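>>> No sequence on hand, only this structure:
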C-alpha cells in the first residue's frame, strides 16, 4: 500500500499547487470580476469567465488535495491496524493449535476433534486455511 499512499500524496500536492495557481489568477482577475458583479462594467467576458473558473478551482482543487491526504492517512492507519490484527489472529491460531496438541496428547479425542474443527475454521476465516 506504500506505493498507493505515495501516489495519493503526490496527487494531493499537485492539486494543492493547482489551487495555489488558480488563486493567483483569480486574484489578478478580481478587479474585473468585482466591476462585473457591481454592474459597473461588462468588459472582457472571457476574463470574467476565467476569473470565475479560477475562483471555483481554488476551492475544488483544495478540497481534492485535502481528500487525497485524508485517504492516504486513513489507508496507512488501516494498513497498520491490519498488521496488528493479523499478529493477534496468528497468536490466537497458535494458541488454538497448542490446545489441540494438548487435547490429543491427553487422550481426549472427542475434544481434540472439536478443537481441530475450531482451528480449521479459524484459519479459514483468516484466509490461511484450506477451503
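Everything's here; your move. In this text, all values refer to a predicted model and were calculated from it rather than measured experimentally.
>>> how far does the lengthiest helix in the chain sit from the chain's center?
Criterion DSSP state H: the longest helix present in the chain is helix 45-105. How far helix 45-105 lies from its chain's middle: 3 Å, per CA atoms, centre = their mean, to the nearest Å.
>>> Packing partners of it?
Contact analysis of helix 45-105 by 3 or more CB pairs under 8 Å, 6 or more residues apart in numbering; DSSP states H and E lists helix 2-37, helix 109-125 as its packing neighbours. All C-beta spots, glycine's among them, are computed from the backbone N, C-alpha and C.
>>> For residue 78, find the nearest of the ones you listed.
helix 2-37 (10.6 Å; CB to CB).
>>> Listing request: residues of this protein with sub-threshold pLDDT.
Applying pLDDT under 70 to the chain flags the ranges 1, 128-131.
>>> How about the contacts made by the residue most central in space within it?
Centroid-nearest residue in the chain, with CA atoms, centre = their mean: residue 71, separated by 3.0 Å. Residue 71 makes contacts with residue 8, as judged by CB atoms under 8 Å, 6 or more residues apart in numbering.
>>> what are the phi and psi values for residue 43?
With angles defined as degrees, to the nearest 10, residue 43 sits at phi -30, psi -120.
>>> mind listing what the residue nearest to it when sequence neighbours are not counted touches?
Counting by CB to CB, 6 or more residues apart in numbering, residue 43 lies nearest to residue 32, which is 6.4 Å off, once chain neighbours are set aside. Contacts for residue 32 (CB under 8 Å, 6+ apart) come out as 41, 43-44, 47-48, 51.
>>> let's see it at 7 Å
43-44, 47-48, 51 (CB atoms under 7 Å, 6 or more residues apart in numbering).
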